[in-house]
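Asks: Need a 3D model of the sequence below.
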Amino acid sequence: MSTMVAAVWYAARDLRVETVETPTLQDPHQVKVKVAACGICGSDLHEYSAGPIFIPVEVPHPLSGQRAPIVMGHEFAGEVVEVGERVTRVKPGDRVAIEPILSPHQDGRYLMEHYNLTPLLGFHGLSGGGGGFAEYTVVGEHMVHRLPDDLSYEQGALVEPAAVALHAVRQSALKAGDSAVVFGAGPIGLMVIEALKAAGAARIVAVEPSPSRRGKAAELGALVVAPREQDVVAAVHELTDGGADFAFEVTGIPAVLNQAIHATHAGGETVVVSIWETEAAFQPNDLVIRERTLKGIIAYRHVYPAVMALMQRGYFRAENLVTARIPLAEVVEKGFEVLLEDKSQIKIIVRPGMQPGQGVTP
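Replies: Reported below is the predicted structural model:
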């Protein structure tokens with residue numbers, strides 16, 4: 001039996017880097033990947049600090065057939081090392097970014113056009129089936145996308161969070177020349193700013209309490225608002241000449257949802273990007289009387305090729321977003337624990353091939 005090292009979630013605050021069995025191909029449409037880079041996501045952080053949220057504990061996930069303990073990591077890229085006999089999209093040696101959505105599939109393709117809206121939605125690296133915090137993982141052919149030669153593995157690991165941001169902007173009604181405000185300048189919020197720039201937004205405002213994250217948003221071209229020091233709604237209205245055309249909520253904080261709605265002008269649209277741990281109250285008349293729109297998005301679909309094409313144009317650059325690179329052996333203490341404590345961190349990349357002590361941190 002071949003073994004490898006992986007980060008396995010057992011319970012909240014119980015993530016163990018341990019030796020597990022190396023996965024093998026079980027289906028002719030599967031692909032085995034040697035992981036080169038895997039990002040730590042906000043969803044991963046929630047599972048570590050307060051989970052389970054997506055991780056199946058009592059009942060196995062219907063598509064992966066697994067429940068905790070499970071290997072984590074869903075923002076990753078790597079090299080194809082083995083393919084099933086019916087795989088046609090990639091071959092050994094190809095560099096790939098992984099689309100980790102678990103949704104009904106057959107013969108190397110998702111069955112649903114809107115496959116992210118399945119009631120069975122799960123994620124490779126959150127819902128069982130393996131994950132990117134490991135030396136190797138096995139995924140379906142429908143989940144692999146070849147990386148262009150001019151994009152690094154690190155860029156490949158950023159395709160997944162960038163896909164969330166680009167999907168959010170594409171699902172909105174935003175047109176070139178419109179204004180937008182982004183609430184929350186963490187990794188996804190910063191990528192929403194980038195996606196808005198790519199879509200032609202003329203004025204972008206970022207609302208963020210962390211000075212270092214506000215600085216990152218400003219570096220990407222956003223006007224910034226400090227919510228603990230300013231009247232957020234008034235500041236956004238002033239910066240957008242009467243209210244933003246669009247608001248993107250990326251915090252999951254109830255009070256912020258209200259701010260986002262009020263930050264738009266009459267007829268404006270608020271897009272809820274975050275996953276929520278609690279209910280949020282708002283006054284429906286704030287939508288009704290002002291003819292505003294409120295909509296939600298989950299994950300992404302059919303957008304990986306567009307993300308990679310934008311990366312080739314200079315959007316979603318790792319240089320702007322990655323603040324540390326660490327070995328898999330140190331994922332807990334130099335990854336998860338650091339992200340919980342230090343809001344100056346944006347995206348930490350885990351490199352399974354990196355030896356302990358070789359990590360690069362600020």
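Asks: for residue 140, phi and psi?
Replies: Backbone torsions for residue 140, taken as degrees, to the nearest 10, come to phi -80, psi 150.
Asks: Quick one: residues contacting residue 125.
Replies: Counting by C-beta atoms under 8 Å, 6 or more residues apart in numbering, residue 125 touches 71, 72, 73, 74, 76, 100, 131, 132, 133, 137. C-betas here are computed from N, CA, C, even on glycine.
Asks: what secondary structure does the residue nearest the centre of the chain sit in?
Replies: Most central in the chain under C-alpha atoms, centre = their mean is residue 161, positioned 2.9 Å from the mean C-alpha point. Assigned with DSSP: H, G, I helix; E, B strand; the rest coil, residue 161 falls in the helix class.
Asks: Quick check: it vs residue 317, distance?
Replies: Distance, residue 161 to residue 317, by C-beta to C-beta, to the nearest Å: 13 Å.
Asks: next one: residue 340
Replies: Between residue 340 and residue 317 the computed distance is 26 Å (C-beta to C-beta).
Asks: Please apply the same query to residue 268.
Replies: Counting by C-beta to C-beta, the separation of residue 268 from residue 317 is 30 Å.
Asks: more crowded one of those two?
Replies: residue 268 (26 against 14; other C-beta atoms under 10 Å).
Asks: and the more buried one, that one's in a strand?
Replies: Yes - counting by three-state DSSP, residue 268 is part of a strand.
Asks: tell me the contacts of it?
Replies: 243, 244, 245, 246, 247, 290, 292, 293 are the contacts of residue 268 under C-beta under 8 Å, 6+ apart.
Asks: try 7 Å
Replies: Residues in contact with residue 268 (C-beta atoms under 7 Å, 6 or more residues apart in numbering) are 243, 244, 245, 246, 247, 292.
Asks: I figured residue 25 hits residue 80, correct?
Replies: No - Residue 25 is not in contact with residue 80 according to C-beta atoms under 7 Å; the separation is 11.5 Å.
Asks: Looking at the two now, which is surrounded by more residues?
Replies: Per other C-beta under 10 Å, whichever of residue 25 and residue 80 has more neighbours is residue 80, with 21 against 15.
Asks: May I have the secondary structure class of that one?
Replies: Under three-state DSSP, residue 80 falls in the strand class.
Asks: how close does it sit to residue 137?
Replies: To residue 137, residue 80 is 11 Å away according to C-beta to C-beta.
Asks: intersection of neighbour lists for the two?
Replies: Here residue 80 and residue 137 share the contacting residues residue 33, scored by C-beta under 7 Å, 6+ apart.
Asks: Only the buried residues of the helix or strand hosting residue 262, if you could.
Replies: Under the criterion of DSSP states H and E, residue 262 resides in helix 254-263. Along helix 254-263, these residues count as buried under the neighbour rule (16 or more other C-beta atoms under 10 Å): 256, 257, 258, 259, 260, 261, 262, 263.
Asks: Same check on stretch 342-357?
Replies: Neighbour-count burial for stretch 342-357 [16+ other C-beta under 10 Å]: 345, 346, 347, 348, 349, 350, 351, 352, 354.
Asks: from these, which ones fall inside helices?
Replies: Applying DSSP state H to the buried residues of stretch 342-357, no entry is found in helices.
Asks: which one of the residues you listed sits closest to residue 106?
Replies: Of all the buried residues of stretch 342-357, residue 352 has the smallest distance to residue 106: 30.5 Å, by C-beta to C-beta.
Asks: which residues touch that closest one?
Replies: 35, 134, 135, 328.
Asks: The same query, at a cut-off of 10 Å, please.
Replies: If you count contacts by C-beta atoms under 10 Å, 6 or more residues apart in numbering, residue 352 has them with 4-7, 34-38, 73, 76, 78, 132-137, 327-329, 331.
Asks: next one: residue 316
Replies: Counting by C-beta under 10 Å, 6+ apart, residue 316 touches 155, 158-159, 161-163, 165-166, 190-191, 194-195, 198, 307-308, 310.
Asks: hang on, the earlier thing: I'd like to know which of the contacts of residue 268 is nearest to residue 107.
Replies: residue 246 (38.7 Å).
Asks: ok, that closest one to residue 176 distance?
Replies: Taking C-beta to C-beta, one finds residue 246 at 12 Å from residue 176.
Asks: Which neighbours do the two have in common?
Replies: 199, 201.
Asks: between the two, who's got more neighbours?
Replies: Neighbours were counted for residue 246 and for residue 176 using other C-beta under 10 Å; residue 246 has more, 28 against 8.
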